[in-house]
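> Predicted model follows, preceded by the sequence.
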Amino acid sequence: MNLIQIRNITKVYDMGEEKLYALRGVDLDIEQNEYIAIMGPSGSGKSTLMNIIGCLDTPSSGDYILNGKDVHEMDDDELATIRNKEIGFVFQTFNLLPRSDALHNVELPLIYSGLNKTDRIKKAEDALTNVGLHDRMRHKPNELSGGQRQRVAVARALVNNPSIILADEPTGNLDTRTGEEIMALFKELNLKGNTIILVTHEEDIAKHANRIVKIRDGKIESDSGKKKAE
């Protein structure tokens, strides 16, 4: 079943007298439980596409159907709910609160969803255990390595059991070995049933996915198609 259907999506930025075309008629289907890498150089449109998939930005034209619902017809509250519950975000810069421990950082999305404190803590503990950090829950970001901080960010992305994990250059601030550990974690999560959309400009990182979509000049240049996980 298609989790995401994108049809003829364009994104145009008005730069005064000039218009900048970030996306030019993109079509893309992503099924549940896929592990897909969206790849392209800087300025290719991959980040714009990621922001549209993540409901952080809206297209200039075209259709985006997420889980059978037309995103264009959603109001701000519905979009906020999608971003909080349907999509888990993992960023290159971790985006953790420096004065809060790992547990509180992971608990944050649950506060916005109105869950009571006892259930929040239990879910946050489970998410941290799931990424191998059960013994680091009370550590603050400056007491954790880069890889551990990214694991906290992955746990935070997982805590609401989202349909999609959207990872933007998730190994960009990590050394090669730590980056490989994070990619192994994504593979494990995909095998457990998570749909993972990875945005990267690095070929060796994209190869961890089961499908690679390359984007250039706002258009899809190639799509390796869907392959079964090994």
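Here it is on my side, so go on.
> use CA for all of it now, contacts and neighbours both
Will do.
> Enumerate every residue touching Ala22.
Applying Cα atoms under 8 Å, 6 or more residues apart in numbering, one finds that Ala22 lies in contact with Thr10, Lys11, Val12, Tyr13, Gly43, Ser44, Gly45, Thr48, Asp217, Gly218.
> Packing partners of the one helix or strand Asp14 maps to?
Taking DSSP states H and E as the criterion, Asp14 maps to strand 2-15. Counting contacts by 3 or more Cα pairs under 8 Å, 6 or more residues apart in numbering; DSSP states H and E, strand 2-15 packs against strand 18-31, strand 61-66.
> Report the strands that pair with it, each with its relative direction.
Strand 2-15 has the following strand partners under DSSP bridges: strand 18-31 (antiparallel), strand 61-66 (antiparallel).
> Just name the most buried of those strands.
strand 61-66 (a mean of 19; mean count of other Cα atoms under 10 Å).
> hmm, who's touching that strand?
Against strand 61-66 from outside (Cα under 8 Å, 6+ apart): 3-11, 25, 70-72.
> burial measure for the residue nearest to Ile212 when sequence neighbours are not counted, as a count.
Once flanking residues are discounted, Ile212 sits nearest to Ala37: 4.8 Å by Cα to Cα, 6 or more residues apart in numbering. By the criterion of other Cα atoms under 10 Å, Ala37 has 26 neighbours.
> Throw the contacts of Ala22 into TSV and include neighbour count and distance to Ala80, thanks.
Shown next, in TSV, are those (neighbours: other Cα atoms under 10 Å; distance: Cα to Cα, whole Å):
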residue	neighbour count	distance to Ala80
Thr10	22	22
Lys11	23	21
Val12	14	23
Tyr13	12	23
Gly43	13	27
Ser44	20	27
Gly45	24	23
Thr48	20	18
Asp217	17	30
Gly218	22	26
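> ok, back up a step: take the helices and strands packed on strand 2-15 and write them to JSON lines, including distance to Thr81 and mean pLDDT.
As requested, these are exported to JSON lines (distance: least, Cα to Cα, whole Å; pLDDT from 0 to 100):
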{"stretch": "strand 18-31", "distance to Thr81": "21", "mean pLDDT": "94"}
{"stretch": "strand 61-66", "distance to Thr81": "13", "mean pLDDT": "95"}
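> need those in CSV with distance to Thr118, can you?
Formatted as CSV, the helices and strands packed on strand 2-15 follow (distance: least, Cα to Cα, whole Å):
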stretch, distance to Thr118
strand 18-31, 34
strand 61-66, 31
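> now for those strands, which one comes closest to Ala184?
Ala184 lies closest to strand 18-31 among these, at 21.0 Å (Cα to Cα).
> All set, thanks.
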